[in-house]
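>>> need the 3D shape of this:
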Amino acid sequence: MKNLFNLTLLPKAKIVVTSRPGPMYKLHPDYRPNSMFEVLGLLEEAKNNLGTQLCGEKYPAIKKILDQQPNLAHLCYLPINFILIVFCLLSNEGSDIKTMTQVLIFSMTRFVESSHLKGEVPLDKVGAEMVKLARLAYKGLQQRKLVFEKSDFDDVELADEMVTNFFHTYVDKSSGLRMKILEGNKRSYFTHLTWQEFYAAVYLMLFVSYREFIQLESIFKDPQWSVVVKFMFGICNPHAYKQLKLIFPAKMVKDYEEKKRFMESMMMESLSSARGEDLIQRFGWLHEYTDDETSRKFEDCLCMELYIETPKHLPEAGDIVYALKSFTKPHKFVLHSLNKPTEVLESLLRGIHGTTTTVGINIVCL
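This is a model prediction of the structure:
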């Protein structure tokens, strides 16, 4: 990788590396790209074009719902989120969704109940196969593996029909293709990384024993597992848990309540001294959890003066707004910004307008 990035290998190549911000900044400086560009999400025009493609004449009604639910609208800055949320809102059953965990559970439930999947996998076997799917997702992330081969599916004994329905599959051309394309080695991956992370969260919260769960505490603090952990908090929500038990065999669930208490303690740990990105992350956990009693405990453990830099992304602003709107006591909120006011800052201030929070803003223009 170092030789590739330093152009020692393939010196005339033009290399574009895509990554989430956390893993990119963890690269060693010797082979970290010199130029980095941050994609801040879909513009409104792009959302409207994509929404019209997905919904046709129904999109204005969907857009009206999003305008009335800022928390959902904030999540739509990612194309995959936007597509899934729009899919949910097209059904009246999905009109009360508030978090990405709820969106994914709703989408998964609708797919599992569809005639498409039922025609491929016997109904009495779907739940057991879904557990294997979740285990594969978790093992893949643990091994830093996003692309799977037949041996990986055989290892968890996942039915071929599940692979066909839940994975993109292609033939590896480097495997010595002969006359028939199917003689090549097949490679498969989840239809989106978000789905692999969601299924990994399901496996950890529902099917790993508590003894094994607490031994994994170190990975819960690894930035590469941050999305998985956020979904784990979403699964702590009682309604989300109830929905998942309708899909996955309830008799296979292990130590859920113990793991839920562990996650709550992780959220509250040293909360009074939390600052900056750590505090924003915990707001995200609280938002995904969406539980009134937990919000009260969270507020009781929180310092009355909160210090953070202005978040970079709209979903983070939505997480902060959710937390502050759930609070019953006045807080002093000090925001530091290194640039001129942005859409994210404006959205944050609009969201907390009318709450008991006092806001102080320190803007340093660079």
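
>>> which outside residues touch the top helix by length along the chain?
Longest helix in the chain, counting residues (DSSP state H): helix 123-142. Helix 123-142 is contacted from outside by 112, 117-118, 121, 145-146, 148, 152-153, 155-159, 161-162, 166, 190, 195-200, 202-204, 206-207, 219, 224-225, 228, 247-249, 252, using CB atoms under 8 Å, 6 or more residues apart in numbering. Where C-beta positions appear, they are placed from N, C-alpha and C, glycine not excepted.

>>> of the residues you listed, buried ones?
Among the contacts of helix 123-142, those classed as buried by 16 or more other CB atoms under 10 Å are 112, 117, 121, 148, 152-153, 156, 158-159, 161-162, 166, 190, 195-200, 202-204, 206-207, 225, 228, 247-248.

>>> restricted to helices, list these.
Going by DSSP H, the helices hold 112, 117, 152-153, 161-162, 166, 195-200, 202-204, 206, 228 from those.

>>> separation between residue 269 and residue 298?
Note on residue 269: its distance to residue 298, by CB to CB, to the nearest Å, is 12 Å.

>>> more neighbours, the two?
Set residue 269 next to residue 298 and count neighbours by other CB atoms under 10 Å: residue 298 wins out with 22 against 11.

>>> name the element that one belongs to?
Element membership for residue 298, per DSSP states H and E: helix 292-301.

>>> beyond that helix, next helix or strand please.
Next along the chain from helix 292-301, counting by DSSP H and E, comes strand 305-309.

>>> what about residue 79, how many neighbours?
14.

>>> and it, what is it in contact with?
42, 50.

>>> now swap in residue 145 and tell me
Contacts of residue 145 by CB under 8 Å, 6+ apart are 139, 152.

>>> tell me how far it lies from residue 228.
14 Å.

>>> tell me how far residue 128 lies from residue 220.
27 Å.

>>> no, scratch that, I was asking about residue 66
32 Å.

>>> rewinding a little: and the helix holding residue 298, what does it pack against?
Applying 3 or more CB pairs under 8 Å, 6 or more residues apart in numbering; DSSP states H and E, we find helix 292-301 packed against helix 256-268, helix 276-289, helix 314-326.

>>> can you list the buried residues in the last one?
Same thing as helix 314-326. For helix 314-326, a neighbour-count test (16+ other CB under 10 Å) marks 314-324, 326 as buried.

>>> show me what the helix or strand just after it is packed up against.
Using DSSP H and E, the helix or strand that follows helix 314-326 towards the C-terminus is strand 332-337. Strand 332-337 sits against strand 305-309, helix 343-352, strand 358-363, with contacts defined as 3+ CB pairs under 8 Å, 6+ apart.

>>> mind pulling the model confidence for the nearest residue to residue 199 once chain neighbours are set aside?
Closest residue to residue 199 apart from its sequence neighbours, by CB to CB, 6 or more residues apart in numbering: residue 137 at 3.6 Å. Model confidence at residue 137, given as pLDDT, is 97.

>>> average pLDDT for stretch 214-223?
Stretch 214-223 comes out at a mean pLDDT of 89.

>>> ends of that stretch, what's the gap?
With CA to CA, to the nearest Å as the measure, stretch 214-223 spans 18 Å from end to end.

>>> check which residues of it are buried.
Those would be residue 220, for stretch 214-223 by 16+ other CB under 10 Å.

>>> domains of this protein?
Following the assignment in automatic domain parsing, the chain carries domains at 2-31, 44-98, 116-240, 270-363.

>>> residue 263 is nearest to which of those?
domain 116-240 (5.5 Å; CB to CB).

>>> okay, and the beta partners of residue 334?
Note on residue 334: beta-bridge partners residue 307, residue 360, judged by DSSP bridges.

>>> that one reaches residue 307, doesn't it?
Yes: between residue 334 and residue 307 a contact is recorded at 4.9 Å, counting by CB atoms under 8 Å.

>>> alright, calling it a day.
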